[in-house]
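Colleague: pasting the sequence and the predicted coordinates here, then a few questions.
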There are 2 protein chains.
Amino acid sequence: MPTETKRPTIQDVAKLAGVSIGSASNVLNRRLPVSDQLQTRVLAAAETLGFQINSVAQTLRRRSSRVLGFCTPDTRTAYLRELADSLDEIAGRNGYELVQVLTRQEPARELHCVNSLLSRQVDGLILLPSLSPQASLDAIARAGTPAVVVDRLSEDKRFSHVIIDNRSAMRQVVNSLARSGHRRLLFIAQNLGVITTRHRLAGLEEEARLPDVMVRYEVMERGNDEPAFVERVGRILKAQDPPTAIVTGNSRVAISTIRALQTLGLAWPRDVGLLTFEDPEWADILTPPISTVRTPNAAIAEAVWSSLESQMLGHPISRKTISILPDLIIRESSSRFSKGLLE
Amino acid sequence: MPTETKRPTIQDVAKLAGVSIGSASNVLNRRLPVSDQLQTRVLAAAETLGFQINSVAQTLRRRSSRVLGFCTPDTRTAYLRELADSLDEIAGRNGYELVQVLTRQEPARELHCVNSLLSRQVDGLILLPSLSPQASLDAIARAGTPAVVVDRLSEDKRFSHVIIDNRSAMRQVVNSLARSGHRRLLFIAQNLGVITTRHRLAGLEEEARLPDVMVRYEVMERGNDEPAFVERVGRILKAQDPPTAIVTGNSRVAISTIRALQTLGLAWPRDVGLLTFEDPEWADILTPPISTVRTPNAAIAEAVWSSLESQMLGHPISRKTISILPDLIIRESSSRFSKGLLE
DNA sequence: CAAATTTATTGAAACGCTTCAATAGCGAAG
DNA sequence: CTTCGCTATTGAAGCGTTTCAATAAATTTG
C-alpha cells in the first residue's frame, strides 16, 4: 500500500550504462571478469542513479539472505541483551545481519517467530528455547536451516548447543559462600522448571554434600505476587536458623529480593549475604555492591558463530555441545559480616 | 550455501490439491471468493505438506513486507529498550513485525542500516537519528518510505516527528527541586551537542530566570574518562557554594555520577540531591531511591504508529510534530536533607 | 431455450535479481 | 587465411509469489 517512488533497479543501471543486465549484475557482484571500460560505465551509472540493490529479489534468487535470526524470550534481562549485542557484533563482522525476535517465552509465539524467520529465508538460526520447544525445533529441522540452541540444553540430538555450565557455576558459588563462612543458603529461582535452574540445583546439591562444605540450603520460586513474595522471604529469614546468604537466579529475582529485604528492614551483608546470577550494570552501585556470576557473552557468541558457520559452509553438523563456565565476581554483599562475628 | 531441504512451495500445494496455482493463492490469502470444495482441498493439501509461505517471494511480488524497521543508537539504554518493546508490541498487534538495527550513533553506520532496511522493503521506518542524519534522511525520502523520526527533532520538514518535551520536563524538574529548597543545581549531560540536551538546557535556563524560582546552575559533560570525571565532580562539589542537587541526563550518566559520589565519600540526599532522566529498573532499590523523569513509552509508540499507519495508508503526510511530556517520579534522593537544615 | 449476466477458476505475466549456456569477438596457432 | 581456443558479454530462464485479464461454468432473464 505504501506509495513509494520507484527506486532504480539494476535494469535502469544497465540501460543507462548501455550494457546487458547480466553484465551489470556481474560488475556489482564482481563475479565474472569484466573489462575495465564496462566496469567503470556500470559503476558510474549506478552512482548517478543512486542505485541500491533490492535484497528481497536478491534473496529470492540466491536462496540466501545473509541474515541470522535470534529468537530470544525477552530483551529485559541484562544477560540476554548483552548476548544479543555480542551476536550482532560477530554477525556484522562476518557480513551477516542479525535480526532478533521476541518469543516472550511462549511456545506458540516461539513457533510463530521461528516460522517467520524461516519464511524470510534466514541463513542461520539461534534459538534460546522455551520450555516446550519441540514444535519449533521440528520446524527448523524440517527446513534444514543451520541452527544453534543456546543457554538451554534441549534433548534434541539434531542440534548443536552452546550452554552455560550452570552446575559448575553454582558449585563455585556455594564454595565461595562457604569459604566466607556461610553454612545456610537460600536459593531463589525465577522458575524451577527451566533446565538452567535444574542444573544449578544439581550443582548446589552436589556441593552441599561434600564433607568439607556441608551447607544446608532451601529453595523457593519468585512468583509474580510481590506482596506474597515479601511475606515468604520474611518468614524464611525469621525462622529458626535462618539462611545466612541468599543466591538469586537472575537480576529480576535479585531486584525483587532486594525490595523484599528493604521492606523487611534487612540490610546486606549485615543481616544476610547476597549473590546473584547475572551481572547487571547496577551491581556495583548498590551499597554495598552485590556479588554476581557473570556470563562471558563474547565467548558464547564466538562458539555460536563457529558452529553456525561450519553448518552454513555445508560441513556435516558437528553436533557437539559446548559448555562455557561463567565468572564469579565477588563484591562485598557476599561476605560474612556481623552475624559471622557473633556465631 | 546452506544446504536446505527444499520446503514445499505453493506450486506443490496446488498440484497436490489438483487446482491451479492462482486458486491456491486465492485460498491462502482469502482474496477472491472460492468454492468450499476447492477451499478445503487446498487447505488440506497445505496441511499435509506442512506448507509455509515464502515471504521473500511474497514481499517481492507484493512490494510490501509487513515489516517495520527501527533504527536506534543502542540497546543498552533502558529507555530505548522499553521504547523498542512498546513499538514491537504495537507493531505485532497490527500485524507487522518490527526489526531493530543498531546505528551505534555513527552517521555512516546509520546510513548503512537505513539502506539495508530500505533494500529489505520495509513498509515503514522509525529513526532515532544520529547527530548528522542528513544522508539517512535523504535516503529515506528518496525511497518514499513512510517514516517517523523519534526522540530527536531534526530540522527536516519532510518527516513526522514524535519527541519528548524535554524543555517542559526540565522546567518541572527545576521547579520540583526548587520547592524542595534546592537553589544551586548541577546538570550533567552525556553530550551537549545533542538536541535533547539543548532543549533541556533551554528549559533549565527559562526556569532559572523566573523570579519565584531563582536557582543557579552549572553544566558539565560526562566524557568517557572516568577518573577525570570523578575528579571534576569532586572539584565542583567542593568549591564554594556547591550545587545542592545534581540532575543527570540519562541512566549511564547517573551510574557514573553515583560511582563518583561513592568514590568521593558523598551520600545522597544528605550531601547532594540526585535526580535523573530515565527511570531505570534499579532506581528504587538504591538507598535511598532515586527520583527520575520517566518517559511514557507506550504513548510514544502509539503516536509513532498512528503517524506511520496513516502514511502507509497513503494519506498525505500529516507532517505534524507530536510532543510528549514525561512524568516526574519523586523519590527520596531529591529531597533537601541535612544541609537544608543547616542553611 | 438462447442470450445475457454472474461467478468460479485458470494461465501467464511480473516483481528484481542471479546464473549459466550460448554467442560474439579476437588474437594465436596451424 | 582459416581454424581453434580464449575471454568478455549477452539473453533468457528461474527463484515463489500475487494479480488480473481471459475463460469456463453456472445461473438468471427475456
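Modeller: Sure, I can see it.
Colleague: drop to CA atoms for contacts and neighbour counts, all remaining ones
Modeller: OK.
Colleague: what are the boundaries of the strands in the stretch 201-343 of chain A?
Modeller: A:216-221, A:245-248, A:273-277, A:291-294, A:321-324, A:327-329 (DSSP state E, counting those that start in this stretch).
Colleague: for A:Ala108, the count of nearby residues, please.
Modeller: 16 (other Cα atoms under 10 Å in any protein chain shown).
Colleague: can you confirm whether the helix or strand hosting it lies near chain B?
Modeller: Per DSSP states H and E, A:Ala108 falls inside helix A:107-119. Yes: Helix A:107-119 reaches chain B (Cα under 8 Å from any Cα of the partner chain) through A:Asn115, A:Ser119.
Colleague: buried stuff in that helix?
Modeller: A:Pro107, A:Ala108, A:Arg109, A:Glu110, A:Leu111, A:Cys113, A:Val114, A:Asn115, A:Ser116, A:Leu117, A:Leu118, A:Ser119 (16 or more other Cα atoms under 10 Å in any protein chain shown).
Colleague: would you turn those into TSV with pLDDT?
Modeller: Below are the buried residues of helix A:107-119 laid out as TSV (pLDDT from 0 to 100):
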residue	pLDDT
A:Pro107	97
A:Ala108	97
A:Arg109	95
A:Glu110	97
A:Leu111	97
A:Cys113	96
A:Val114	97
A:Asn115	96
A:Ser116	96
A:Leu117	97
A:Leu118	97
A:Ser119	96
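Colleague: distance to B:Leu153 added to those residues, as JSON lines?
Modeller: Output for the buried residues of helix A:107-119, formatted as JSON lines (distance: Cα to Cα, whole Å):
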{"residue": "A:Pro107", "distance to B:Leu153": "40"}
{"residue": "A:Ala108", "distance to B:Leu153": "39"}
{"residue": "A:Arg109", "distance to B:Leu153": "36"}
{"residue": "A:Glu110", "distance to B:Leu153": "37"}
{"residue": "A:Leu111", "distance to B:Leu153": "39"}
{"residue": "A:Cys113", "distance to B:Leu153": "34"}
{"residue": "A:Val114", "distance to B:Leu153": "36"}
{"residue": "A:Asn115", "distance to B:Leu153": "37"}
{"residue": "A:Ser116", "distance to B:Leu153": "34"}
{"residue": "A:Leu117", "distance to B:Leu153": "34"}
{"residue": "A:Leu118", "distance to B:Leu153": "37"}
{"residue": "A:Ser119", "distance to B:Leu153": "37"}
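Colleague: ok, so of these, who is nearest chain B?
Modeller: A:Ser119 (4.7 Å; Cα to the nearest Cα).
Colleague: B:Val56 is in contact with the closest one, correct?
Modeller: Yes: with contacts counted by Cα atoms under 8 Å, A:Ser119 reaches B:Val56, the gap being 7.0 Å.
Colleague: average pLDDT across stretch A:162-176?
Modeller: The average pLDDT within stretch A:162-176 is 96.
Colleague: can you give the distance from it to the centre of its chain?
Modeller: The chain centroid and the centroid of stretch A:162-176 are separated by 17 Å under Cα atoms, centre = their mean, to the nearest Å.
Colleague: give me the low-pLDDT residue ranges for chain A?
Modeller: A:1-5, A:337-343 (pLDDT under 70).
Colleague: one more pass at 50, please.
Modeller: A:1-4, A:338-343 (pLDDT under 50).
Colleague: so what's A:Ala202 closest to, chain neighbours aside?
Modeller: A:Arg167 (6.1 Å; Cα to Cα, 6 or more residues apart in numbering or on different chains).
Colleague: what's around the one you found, how many residues?
Modeller: For A:Arg167, the count of nearby residues is 22 (other Cα under 10 Å).
Colleague: residues in contact with A:Ser55?
Modeller: A:Ser65, B:Ser119, B:Arg120 (Cα atoms under 8 Å, 6 or more residues apart in numbering or on different chains).
Colleague: pretty sure the second one is touching A:Val56, no?
Modeller: Yes: taking contact to mean Cα under 8 Å, the distance of 7.0 Å between B:Ser119 and A:Val56 places them in contact.
Colleague: just the contacts of A:Ser55 now: which is nearest DNA strand C?
Modeller: B:Ser119 (8.4 Å; Cα to the nearest atom of the strand).
Colleague: which residue sits closest to that closest one in space, ignoring its chain neighbours?
Modeller: Of all residues apart from its sequence neighbours, A:Asn54 sits closest to B:Ser119 (Cα to Cα, 6+ apart), at 4.7 Å.
Colleague: enumerate the residues of the stretch 151-300 of chain A near chain B.
Modeller: Residues of the stretch 151-300 of chain A lying near chain B (Cα under 8 Å from any Cα): A:Ile255, A:Ile258, A:Arg259, A:Trp282, A:Ile285, A:Leu286, A:Thr287.
Colleague: the residue nearest the centre of chain A sits in which helix or strand?
Modeller: Central residue of chain A (Cα atoms, centre = their mean): A:Leu80, 3.9 Å from the mean position. Using DSSP H and E, A:Leu80 maps to helix A:78-93.
Colleague: so which elements touch the very next helix or strand once past that helix?
Modeller: The first helix or strand that comes after helix A:78-93 along the chain, using DSSP H and E, is strand A:97-102. If you count contacts as 3 or more Cα pairs under 8 Å, 6 or more residues apart in numbering or on different chains; DSSP states H and E, strand A:97-102 packs onto strand A:67-72, helix A:78-93, helix A:107-119, strand B:97-102.
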